[in-house]
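*Asks:* sharing a sequence plus its predicted fold:
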Amino acid sequence: MPNIRTLQKGKRPPPGWDLLEPTLVELEAKMRQAEKEPHEGKRKCESLWPVFKLHNQRSRYIYDMFYTKKAISRELYDYCLREKWADAGLIAKWKKNGFEKLCCLKCIEAAATNFGSACICRVPKKDQPEDKLLIECVNCGCRGCASTDV
(Lines give C-alpha, C1' and ligand atoms only; values in the text may rest on other atoms or scores of the structure.)
Protein backbone atom coordinates (compact mmCIF):
# COMPACT_ATOMS: atom_id res chain seq x y z
CA MET A 1 0.00 0.00 0.00
CA PRO A 2 1.49 3.39 -0.97
CA ASN A 3 2.16 5.98 1.69
CA ILE A 4 -0.48 8.67 1.79
CA ARG A 5 1.32 11.96 1.82
CA THR A 6 -1.58 13.99 3.18
CA LEU A 7 -1.56 12.44 6.63
CA GLN A 8 1.53 14.26 7.90
CA LYS A 9 2.18 15.35 11.48
CA GLY A 10 -1.38 15.08 12.71
CA LYS A 11 -2.94 16.96 9.80
CA ARG A 12 -6.33 15.50 9.22
CA PRO A 13 -8.06 15.94 5.87
CA PRO A 14 -11.40 17.75 5.85
CA PRO A 15 -14.68 15.83 5.82
CA GLY A 16 -15.38 14.24 2.44
CA TRP A 17 -11.83 13.00 1.93
CA ASP A 18 -13.18 9.43 1.96
CA LEU A 19 -14.89 10.15 -1.36
CA LEU A 20 -11.66 11.27 -3.11
CA GLU A 21 -9.09 9.06 -1.44
CA PRO A 22 -9.52 5.76 -3.35
CA THR A 23 -9.26 7.42 -6.76
CA LEU A 24 -6.35 9.65 -5.77
CA VAL A 25 -4.41 6.76 -4.22
CA GLU A 26 -4.98 4.71 -7.38
CA LEU A 27 -3.76 7.58 -9.59
CA GLU A 28 -0.75 8.04 -7.30
CA ALA A 29 0.14 4.36 -7.73
CA LYS A 30 -0.16 4.70 -11.51
CA MET A 31 2.05 7.80 -11.33
CA ARG A 32 4.75 5.89 -9.46
CA GLN A 33 4.53 3.08 -11.99
CA ALA A 34 4.83 5.56 -14.89
CA GLU A 35 7.89 7.14 -13.28
CA LYS A 36 9.59 3.74 -12.94
CA GLU A 37 8.70 2.63 -16.46
CA PRO A 38 11.79 2.03 -18.63
CA HIS A 39 12.36 4.63 -21.32
CA GLU A 40 14.65 2.72 -23.66
CA GLY A 41 13.59 3.08 -27.27
CA LYS A 42 11.62 6.25 -26.65
CA ARG A 43 12.50 9.79 -27.55
CA LYS A 44 13.68 11.91 -24.64
CA CYS A 45 10.44 13.88 -24.50
CA GLU A 46 8.24 10.77 -24.76
CA SER A 47 9.38 9.36 -21.43
CA LEU A 48 7.50 12.08 -19.51
CA TRP A 49 4.22 11.91 -21.43
CA PRO A 50 2.55 9.33 -19.14
CA VAL A 51 3.40 11.46 -16.12
CA PHE A 52 1.84 14.55 -17.73
CA LYS A 53 -1.30 12.59 -18.63
CA LEU A 54 -1.74 11.27 -15.10
CA HIS A 55 -1.09 14.72 -13.62
CA ASN A 56 -3.78 16.15 -15.89
CA GLN A 57 -6.17 13.31 -15.03
CA ARG A 58 -5.73 13.81 -11.29
CA SER A 59 -6.26 17.58 -11.55
CA ARG A 60 -9.29 17.09 -13.81
CA TYR A 61 -10.82 14.65 -11.33
CA ILE A 62 -10.64 17.17 -8.48
CA TYR A 63 -11.83 19.98 -10.77
CA ASP A 64 -14.85 17.95 -11.87
CA MET A 65 -15.70 16.90 -8.34
CA PHE A 66 -15.75 20.53 -7.18
CA TYR A 67 -16.99 22.58 -10.14
CA THR A 68 -19.05 20.15 -12.22
CA LYS A 69 -20.53 17.63 -9.78
CA LYS A 70 -20.31 19.85 -6.68
CA ALA A 71 -19.57 16.70 -4.66
CA ILE A 72 -16.84 18.16 -2.43
CA SER A 73 -16.66 21.23 -0.22
CA ARG A 74 -14.55 24.33 -0.76
CA GLU A 75 -12.51 23.36 2.28
CA LEU A 76 -11.64 19.96 0.79
CA TYR A 77 -10.93 21.51 -2.62
CA ASP A 78 -8.53 24.04 -1.06
CA TYR A 79 -6.93 21.24 0.93
CA CYS A 80 -6.29 19.24 -2.26
CA LEU A 81 -4.69 22.27 -3.93
CA ARG A 82 -2.58 23.06 -0.87
CA GLU A 83 -1.36 19.45 -0.60
CA LYS A 84 -0.54 19.41 -4.35
CA TRP A 85 -3.04 16.73 -5.30
CA ALA A 86 -4.15 19.04 -8.12
CA ASP A 87 -2.43 21.77 -10.15
CA ALA A 88 -3.93 25.13 -9.18
CA GLY A 89 -2.51 26.91 -12.24
CA LEU A 90 -3.97 24.40 -14.66
CA ILE A 91 -7.37 24.52 -12.96
CA ALA A 92 -7.31 28.32 -13.10
CA LYS A 93 -6.85 28.09 -16.88
CA TRP A 94 -9.66 25.53 -17.24
CA LYS A 95 -12.07 28.05 -15.75
CA LYS A 96 -11.26 30.57 -18.51
CA ASN A 97 -13.07 30.62 -21.81
CA GLY A 98 -11.13 28.84 -24.57
CA PHE A 99 -8.94 26.79 -22.22
CA GLU A 100 -11.49 24.20 -21.06
CA LYS A 101 -9.52 21.25 -22.48
CA LEU A 102 -5.97 22.51 -21.92
CA CYS A 103 -3.58 19.58 -21.47
CA CYS A 104 -0.68 21.32 -19.71
CA LEU A 105 0.62 24.80 -18.98
CA LYS A 106 3.68 24.31 -21.20
CA CYS A 107 1.45 24.30 -24.27
CA ILE A 108 0.37 27.92 -23.81
CA GLU A 109 3.79 29.20 -22.78
CA ALA A 110 4.88 31.43 -25.67
CA ALA A 111 8.51 31.50 -24.55
CA ALA A 112 8.79 27.72 -25.01
CA THR A 113 8.18 27.83 -28.78
CA ASN A 114 10.39 28.98 -31.63
CA PHE A 115 8.02 31.61 -32.96
CA GLY A 116 6.46 32.86 -29.73
CA SER A 117 3.10 31.20 -30.33
CA ALA A 118 1.09 28.40 -28.74
CA CYS A 119 1.78 24.68 -29.15
CA ILE A 120 0.54 22.66 -32.15
CA CYS A 121 -1.95 20.81 -29.95
CA ARG A 122 -3.79 24.10 -29.35
CA VAL A 123 -4.60 24.42 -33.08
CA PRO A 124 -8.15 23.21 -33.86
CA LYS A 125 -8.35 20.00 -35.91
CA LYS A 126 -10.16 21.78 -38.75
CA ASP A 127 -7.26 24.24 -39.13
CA GLN A 128 -4.51 21.61 -39.13
CA PRO A 129 -2.98 20.54 -42.45
CA GLU A 130 -4.62 17.44 -43.90
CA ASP A 131 -1.35 15.89 -45.05
CA LYS A 132 -0.21 15.48 -41.43
CA LEU A 133 -2.36 12.71 -39.98
CA LEU A 134 -0.77 12.46 -36.55
CA ILE A 135 0.42 15.60 -34.81
CA GLU A 136 1.61 15.23 -31.22
CA CYS A 137 2.73 17.89 -28.82
CA VAL A 138 6.42 17.58 -27.99
CA ASN A 139 5.83 18.70 -24.40
CA CYS A 140 3.11 16.30 -23.28
CA GLY A 141 2.08 14.05 -26.18
CA CYS A 142 -1.32 15.68 -26.57
CA ARG A 143 -3.01 15.26 -29.96
CA GLY A 144 -5.30 18.24 -29.64
CA CYS A 145 -6.68 20.21 -26.74
CA ALA A 146 -8.34 23.10 -28.53
CA SER A 147 -11.71 23.97 -27.02
CA THR A 148 -13.41 23.87 -30.42
CA ASP A 149 -12.53 20.21 -31.00
CA VAL A 150 -15.23 17.67 -30.23
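*Replies:* Thanks, I have the structure now.

*Asks:* let me see the contact set for Leu90.
*Replies:* Shown in contact with Leu90 (Cβ atoms under 8 Å, 6 or more residues apart in numbering): 56, 59, 102, 104-105. Glycine gets a C-beta too; all of them are placed from N, C-alpha and C.

*Asks:* which of these has the largest number of neighbours?
*Replies:* Compared across the contacts of Leu90, Cys104 has the highest neighbour count, 24 neighbours, by other Cβ atoms under 10 Å.

*Asks:* domain ranges for this protein?
*Replies:* 17-95, 99-149 (the TED database).

*Asks:* burial count for Lys84?
*Replies:* 11.

*Asks:* okay, it: pLDDT?
*Replies:* Confidence at Lys84, expressed as pLDDT, is 94.

*Asks:* state the three-state secondary structure for it.
*Replies:* In three-state terms, and counting by DSSP: H, G, I helix; E, B strand; the rest coil, Lys84 is coil.

*Asks:* could you number the chain from 563 rather than 1 from now on?
*Replies:* In the new numbering, first residue 563, that becomes Lys646.

*Asks:* and stretch 704-712, how far out from the chain middle?
*Replies:* Mean-position distance between stretch 704-712 and its chain equals 14 Å (Cα atoms, centre = their mean, to the nearest Å).

*Asks:* just the buried positions in it, please.
*Replies:* 704, 706-708 (16 or more other Cβ atoms under 10 Å).
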